[in-house]
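Engineer: no FASTA, just this:
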């Protein structure tokens, strides 16, 4: 029977530690633990969605249970039945559980009893619990005893996007590893590799726009690319992405920033009106403008421009206060308020500087 189509996110799921993108520190911790035979009984993977938490959990399970393992060199799937079963989710001893739908105390008690039995086929019985923060308080309490005194053949790999919802009694019994948002440059590089392998023609600006939309999530970036292929076919341009997702172009964002820094309210309004006319997502535009202001601020600090840095900081402070219900009018007002706010404080800084100079002259 012909195999059905698999989406990009599944086809390009990492099959070895070397294929993982943007989580080098996490990989280093886990590979060192394997090489030095210091593998903990429970790990807590914390980070934004789509950054590789469950992918690394599967790879770690493969590394611990492969035929020549434990080994950091995960065999090629075609040569290892064990790794292939774990990767495909068909292994009896690597159990993936969705914490959102298996969160009752009865289900955790059943898991606690089940984990006492030796693995059916592999070296370790591994439980991967995704969105573990969704477990109920009673379920967490039922899990505590097992985490305190786990059987030698059991490993727990927890993944969550909201670590603050997990009881400290659970966190303290795990090794916590933080997953960072994947840098845009790394996402662009990986998407370019996928595009080349799939015979796609995609503009570099389009890749950059996808990375901007993904907010550090590789899975989100791959899903966006998948949708754009469905919309555009084999040729994808930046304008297509801007139209589909209501994204403001980098040139538009740069134009607004230039007008704001120049204190040109008329030009700022004209640039904002362009975004509104093009039906851009204003909430997303606000986020992009704040990111661009931050980049300008860092550059001003590096160059030692105190006055420019202060003005940019006050702009960011004012513009970031409007975060909800950002309609066209509120968007325009927030831009103008940011300019006015920075002007007022620039005057305050100037007065303070003049008074400081006056004091220095009077004491000299």
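Structural biologist: Done, it's in. None of these values were measured; they are calculated from a predicted model. Numbering: from 1, shown residues only.
Engineer: what is the rounded mean pLDDT of stretch 234-248?
Structural biologist: Averaging pLDDT along stretch 234-248 yields 90.
Engineer: what residues does it touch?
Structural biologist: Stretch 234-248 is contacted from outside by 199-203, 205-206, 208-210, 212-213, 224-225, 227-229, 231-232, 249, 275, 278-281, 284-285, 288, using Cβ atoms under 8 Å, 6 or more residues apart in numbering. Where C-beta positions appear, they are placed from N, C-alpha and C, glycine not excepted.
Engineer: just the buried subset of the residues you listed, please.
Structural biologist: Listed as buried from the contacts of stretch 234-248 are 200, 202, 205-206, 208-210, 212-213, 224-225, 228-229, 232, 249, 275, 280-281, 284-285, 288; burial here means 16 or more other Cβ atoms under 10 Å.
Engineer: show me the contacts of stretch 234-248 that map onto strands.
Structural biologist: Using DSSP state E, the subset of these located in strands is 201, 202.
Engineer: can you tell me which of the contacts of stretch 234-248 are in helices?
Structural biologist: The members of the contacts of stretch 234-248 that map onto helices under DSSP state H are 205-206, 208-210, 212-213, 224-225, 227-229, 231-232, 275, 284-285, 288.
Engineer: chain neighbours aside, what residue packs nearest to residue 331?
Structural biologist: In space, not counting the residues next to it along the chain, residue 331 is nearest to residue 282; the distance is 4.7 Å by Cβ to Cβ, 6 or more residues apart in numbering.
Engineer: OK, contacts around that neighbour?
Structural biologist: 275, 276, 326, 327, 328, 331 are the contacts of residue 282 under Cβ under 8 Å, 6+ apart.
Engineer: cool, residue 80 as well?
Structural biologist: Applying Cβ under 8 Å, 6+ apart, the residues near residue 80 are 62, 66, 67, 74.
Engineer: can you do 6 Å?
Structural biologist: Each residue near residue 80 by Cβ atoms under 6 Å, 6 or more residues apart in numbering is listed here: residue 66.
Engineer: ok, which stretches of the stretch 201-350 of the chain are strands?
Structural biologist: For the stretch 201-350 of the chain, applying DSSP state E, counting those that start in this stretch gives strands covering 201-202, 235-236.
Engineer: I'd like those written out as TSV, with distance to residue 118 added.
Structural biologist: TSV is the format used below for those (distance: least, Cβ to Cβ, whole Å):
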stretch	distance to residue 118
strand 201-202	50
strand 235-236	51
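Engineer: would you list every one of the helices in the stretch 101-250 of the chain?
Structural biologist: 105-114, 137-148, 168-171, 184-197, 204-214, 218-232, 238-245, 250-261 (DSSP state H, counting those that start in this stretch).
Engineer: how about residues contacting the third one?
Structural biologist: This means helix 168-171. residue 140.
Engineer: count the neighbours of residue 305 for me.
Structural biologist: Residue 305: 13 surrounding residues under other Cβ atoms under 10 Å.
Engineer: would you say residue 74 is within a helix?
Structural biologist: No. Counting by DSSP: H, G, I helix; E, B strand; the rest coil, residue 74 falls outside a helix, being coil.
Engineer: contacting residues around it?
Structural biologist: Neighbour list for residue 74: 16, 62, 63 [criterion: Cβ under 6 Å, 6+ apart].
Engineer: same thing but 7 Å
Structural biologist: Residues in contact with residue 74 (Cβ atoms under 7 Å, 6 or more residues apart in numbering) are 15, 16, 17, 59, 62, 63, 66, 83.
Engineer: what do you get for residue 224?
Structural biologist: Taking Cβ under 7 Å, 6+ apart as the test, what residue 224 contacts is 210, 213, 214.
Engineer: next one: it from residue 246, what distance?
Structural biologist: 13 Å (Cβ to Cβ, to the nearest Å).
Engineer: ok so, going back, and which of the contacts of residue 282 is nearest to residue 51?
Structural biologist: residue 326 (26.8 Å; Cβ to Cβ).
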